[in-house]
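Participant: Predicted model and sequence below, questions to follow.
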Amino acid sequence: MAFQESKRRCRTIVLILAACAMNSCVESFEPKTEIFEDALIIEATITNEVKQQEILLNRAFRFEEFVPVPEENASVIIIDNLQNQYSFQEITPGKYLSVLDFGAEKGRSYQLLVTTSSGVEYASEPTFTPQTSEIHALKASRIDNEEEGMSIFVEYNASQTSTYYRYKYEETYQIIPPDWNSQMLAYEGPIIVVKARERDEQICYKTDVSKNIILNIPQESNENNIPRFPVRFVQRSNYIISHRYSILVKQLAISEESYNYLEKLSESNQDENVFSQTQPGFFRGNVYSKSNSDERVLGFFHVVSESSERLFFNYQDFFPDEPLPPYVDYCNPFVARLETPQGVPNIHELIAADAIRYHSTGPNFGEFFVVPRICGDCTVLGAITVPDFWEE
């Protein structure tokens, strides 16, 4: 009955929208949350890596608000089954870091305890540290099926058949703009001249982190008894593999409860604001209110064992003598003129706005061919600083 009623409502909305379009309705529509229940959101994962562990506390937010409200001035501690206590301090609103470095140890269980500034107490179920499972190998392979590109996959030992895994990655890549030039346009008095470039803008680096929830159960994912799992696929047309590319893959051994929770979270919401849509379709994690068993608490306290591997490859390693992927801009040179129609910036305005880069000198006096800045300055997309881990 509820499903049929939902279908009738959807059909009514569609008809209203269609009628509105036919009658040129122009009144804007702003979606608003009709039913909202305030709830604490706990995002917590501690690993076996000895470091400052991180806990994030926020309040559930309405759909139209777009950003969560941080839970500030809370007391946050973690205790283990040996009664060791690890205190956390608030670094930025809603972000809490452990005062001392520590890592989850094998054979121990950990429990998260949170007390808000208003005195409400929350806790997690005691959670044991999973057994560590190392990445056997991390490899990259060219794929020439319907969709060409590079597949990055992990290999694990065939004996790893009962562990639950989550994968995260950090990919770093070189950015070399196609129209970089060692010369630049500059002013000498009122005259525009070509001179040597004052700063290096040729090679930059950019790091992106994974956003999707990537899960795997080796026993179920093995195909033809080949113990491998694809973590990342980069299309050949993606400019990030144009030159040198690196990826750090983190393999997190997690509990079955963590796996089931993350799987539900991934299925229920595919956008970045994973907690904006949890009402009314709420599903419970392993955190709860100590004073009110009926209170809804969102999130999960994960205890994981982490291992990681990094690899590098060059585009030419897998696509020798083949064209590079298309850049993010067409980079067509154009003449920047002294006099332009009203509303079109002239060369002086373009230089002042740092919007162009020198390409070549035109046949006429004072005429210059230029390209958009993104085509000759890598700092538009990345940073010049070479990462500490980078290898050529």
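Facilitator: Yep, that arrived. Numbering: from 1, shown residues only.
Participant: Find the helix or strand that residue 150 is a member of.
Facilitator: strand 148-155 (DSSP states H and E).
Participant: For that strand, buried residues please.
Facilitator: 149-154 (16 or more other Cβ atoms under 10 Å). Any C-beta I mention is one placed from the backbone N, CA and C, and that applies to glycine too.
Participant: count of residues packed around the closest residue to residue 186 other than its chain neighbours?
Facilitator: Using Cβ to Cβ, 6 or more residues apart in numbering and skipping residues adjacent in sequence, the residue nearest residue 186 is residue 195, 5.1 Å away. Residues near residue 195, counting by other Cβ atoms under 10 Å, number 12.
Participant: Assess the claim that residue 195 and residue 183 are in contact.
Facilitator: Yes. Using Cβ atoms under 8 Å, residue 195 and residue 183 qualify as a contacting pair, with a distance of 6.6 Å.
Participant: What residues does the nearest residue to residue 235 once chain neighbours are set aside make contact with?
Facilitator: Distance criterion Cβ to Cβ, 6+ apart; nearest residue to residue 235, sequence neighbours excluded, is residue 149 at 4.3 Å. Applying Cβ atoms under 8 Å, 6 or more residues apart in numbering, one finds that residue 149 lies in contact with 142-143, 233-238.
Participant: at 6 Å instead, please
Facilitator: 143, 233-236 (Cβ atoms under 6 Å, 6 or more residues apart in numbering).
Participant: Same question for residue 112.
Facilitator: Contacts of residue 112 by Cβ under 6 Å, 6+ apart are 44, 78, 124, 301.
Participant: Contacts made by the strand or helix carrying the residue nearest to residue 186 with the rest, please.
Facilitator: Element membership for residue 195, per DSSP H and E: strand 191-196. Here strand 191-196 makes contact (Cβ under 6 Å, 6+ apart) with 183, 185-186.
Participant: Dump these to a markdown table, plus pLDDT, secondary structure and distance to residue 295.
Facilitator: Converted to a markdown table, the contacts of strand 191-196 look like this (pLDDT from 0 to 100; DSSP: H, G, I helix; E, B strand; the rest coil; distance: Cβ to Cβ, whole Å):
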| residue | pLDDT | secondary structure | distance to residue 295 |
| --- | --- | --- | --- |
| 183 | 95 | strand | 65 |
| 185 | 93 | strand | 63 |
| 186 | 90 | strand | 64 |
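Participant: Kindly indicate which of those residues lies nearest residue 294.
Facilitator: Closest approach to residue 294 among the contacts of strand 191-196 (Cβ to Cβ): residue 185, at 67.8 Å.
Participant: count of neighbours near the nearest residue in space to the closest one that is not next to it in sequence?
Facilitator: Excluding its sequence neighbours, the residue lying closest to residue 185 (Cβ to Cβ, 6+ apart) is residue 358, at 4.8 Å. Applying other Cβ under 10 Å, we find 24 residues neighbouring residue 358.
Participant: what do you get for the one 3 residues further on?
Facilitator: Neighbour count for residue 361, taken as other Cβ under 10 Å: 14.
Participant: before we move on, what about residue 118?
Facilitator: 8.
Participant: going forward, begin numbering at 875 instead of 1
Facilitator: Happy to do that; since the first residue is 875 now, the last one works out to residue 992.
Participant: Assign it to helix, strand or coil.
Facilitator: Classification of residue 992 by DSSP: H, G, I helix; E, B strand; the rest coil places it in coil.
Participant: How about residue 1138?
Facilitator: helix.
Participant: in the stretch 875-1024 of the chain, which segments are predicted with low confidence?
Facilitator: 875-911, 935-940 (pLDDT under 70).
Participant: now the helices: where do they sit in it?
Facilitator: 876-896 (DSSP state H, counting those that start in this stretch).
Participant: on that earlier part again, may I see the contacts of residue 1023 arranged in a markdown table, with neighbour count as well?
Facilitator: As requested, those are exported to a markdown table (neighbours: other Cβ atoms under 10 Å):
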| residue | neighbour count |
| --- | --- |
| 1017 | 16 |
| 1107 | 13 |
| 1108 | 19 |
| 1109 | 13 |
| 1110 | 19 |
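Participant: Tell me which of these fall in helices.
Facilitator: Among those, DSSP state H puts none in helices.
Participant: ok, these vs residue 1265, which is closest?
Facilitator: Among the contacts of residue 1023, residue 1108 lies closest to residue 1265 (Cβ to Cβ), at 19.0 Å.
Participant: if I pick the residue lying closest to that closest one once chain neighbours are set aside, what's in contact with it?
Facilitator: Once flanking residues are discounted, residue 1108 sits nearest to residue 1024: 4.8 Å by Cβ to Cβ, 6+ apart. Counting by Cβ under 6 Å, 6+ apart, residue 1024 touches 1014, 1108, 1115.
Participant: will you turn these into JSON lines that also has distance to residue 931?
Facilitator: Below are the contacts of residue 1024 laid out as JSON lines (distance: Cβ to Cβ, whole Å):
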{"residue": "1014", "distance to residue 931": "38"}
{"residue": "1108", "distance to residue 931": "35"}
{"residue": "1115", "distance to residue 931": "38"}
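Participant: Which strand residues bridge the residue nearest to residue 1109?
Facilitator: Under the criterion DSSP bridges, residue 1023 forms beta bridges with residue 1017, residue 1109.
Participant: any idea how far residue 1191 is from it?
Facilitator: 14 Å (Cβ to Cβ, to the nearest Å).
Participant: do you know how far residue 1181 is from residue 1041?
Facilitator: Taking Cβ to Cβ, one finds residue 1181 at 11 Å from residue 1041.
Participant: Residue 1027 now?
Facilitator: 10 Å.
Participant: Repeat that for residue 919.
Facilitator: 13 Å.
Participant: Specify the angle between the strand ranked longest in the chain and strand 1022-1029 in degrees.
Facilitator: If each strand of the chain is counted by residues according to DSSP state E, the longest one is strand 1171-1188. For strand 1171-1188 against strand 1022-1029, the angle by axes from the mean of the first three to the mean of the last three Cα atoms, to 10 degrees is 110 degrees.
Participant: Who is residue 1173 paired with across the strands?
Facilitator: Counting by DSSP bridges, residue 1173 is bridged to residue 916.
Participant: returning to that earlier point: using JSON lines, lay out the contacts of residue 1023 together with distance to residue 1084.
Facilitator: JSON lines is the format used below for these (distance: Cβ to Cβ, whole Å):
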{"residue": "1017", "distance to residue 1084": "19"}
{"residue": "1107", "distance to residue 1084": "12"}
{"residue": "1108", "distance to residue 1084": "12"}
{"residue": "1109", "distance to residue 1084": "16"}
{"residue": "1110", "distance to residue 1084": "20"}
